[in-house]
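[1] Got a predicted model here, sequence first, then my questions.
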Amino acid sequence: QVQLVESEGGLVQAGDSLKLSCAASGRTFSSYAMGWFRQAPGKERELVAAINWSGSNTWSADSVKGRITIARDNAKNTVYLQIDSLKPEDTAVYYCAASVGGDYRLAHEYDYWGQGTQVTVSS
């Protein structure tokens, strides 16, 4: 079992940057891959970025490619998500998640979830 807690998102302006963090406790953090999902109102939850256990490999969705960076610090049991050049369509609840096995680029491989944090981008 692992517990995940995201930092607060908040209200930001279009064009700004935002960095979220997710702190993990419980099972050894470095043993699993991590991902960030988001769910906009009326839409399905989507995987937007993922990182393998060591941080040597990352993946991002086409919808955010070039604007998003995922990183992890295994010494601090924390994964980060930075989104640059924010757009109103980035408004969503953002979730971090942990995958104990399988292909970390696939949404269905995630086993544990944080409670989510709201990010609202105003135009």
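    Happy to help now that I have it. Worth saying up front: this structure is predicted, and the values here are computed from it rather than measured.
[2] Beta-bridge partners for the residue most central in space within the chain, please?
    Taking C-alpha atoms, centre = their mean as the criterion, residue 36 is the residue nearest the geometric centre of the chain, at 2.1 Å. According to DSSP bridges, the partner residues bridging residue 36 are residue 49, residue 96.
[3] Let me know the pLDDT of it.
    With respect to pLDDT, residue 36 scores 98.
[4] One more: the one 4 residues further on?
    You'll see residue 40 listed with a pLDDT of 96.
[5] and the gap between it and residue 3?
    Distance, residue 40 to residue 3, using C-beta to C-beta, to the nearest Å: 25 Å. In short, each C-beta sits where N, CA and C put it, glycine included.
[6] now do residue 123
    For residue 123, the distance to residue 3 equals 35 Å [C-beta to C-beta].
[7] Those two: who's more crowded?
    residue 3 (13 against 9; other C-beta atoms under 10 Å).
[8] So that one: helix, strand or coil?
    Here residue 3 is recorded as strand under DSSP: H, G, I helix; E, B strand; the rest coil.
[9] Touching, it and residue 26? I think so.
    Yes - here residue 3 reaches residue 26: they are 5.2 Å apart, a contact under C-beta atoms under 8 Å.
[10] which regions of the chain sit below the pLDDT cut-off?
    For the chain, the stretches flagged by pLDDT under 70 are 27.
[11] if you set the cut-off to 80 instead, what comes out?
    Residue ranges of the chain with pLDDT under 80: 26-27.
[12] What segments of it are strands?
    For the chain, the strands defined by DSSP state E cover 2-6, 10-13, 18-26, 33-39, 46-51, 58-60, 68-73, 78-83, 92-99, 112-113, 117-122.
[13] nearest to residue 106, of those?
    Residue 106 lies closest to strand 46-51 among the strands of the chain, at 7.7 Å (C-beta to C-beta).
[14] just checking, what packs against that closest one?
    strand 33-39, strand 58-60, strand 68-73, strand 78-83 (3 or more C-beta pairs under 8 Å, 6 or more residues apart in numbering; DSSP states H and E).
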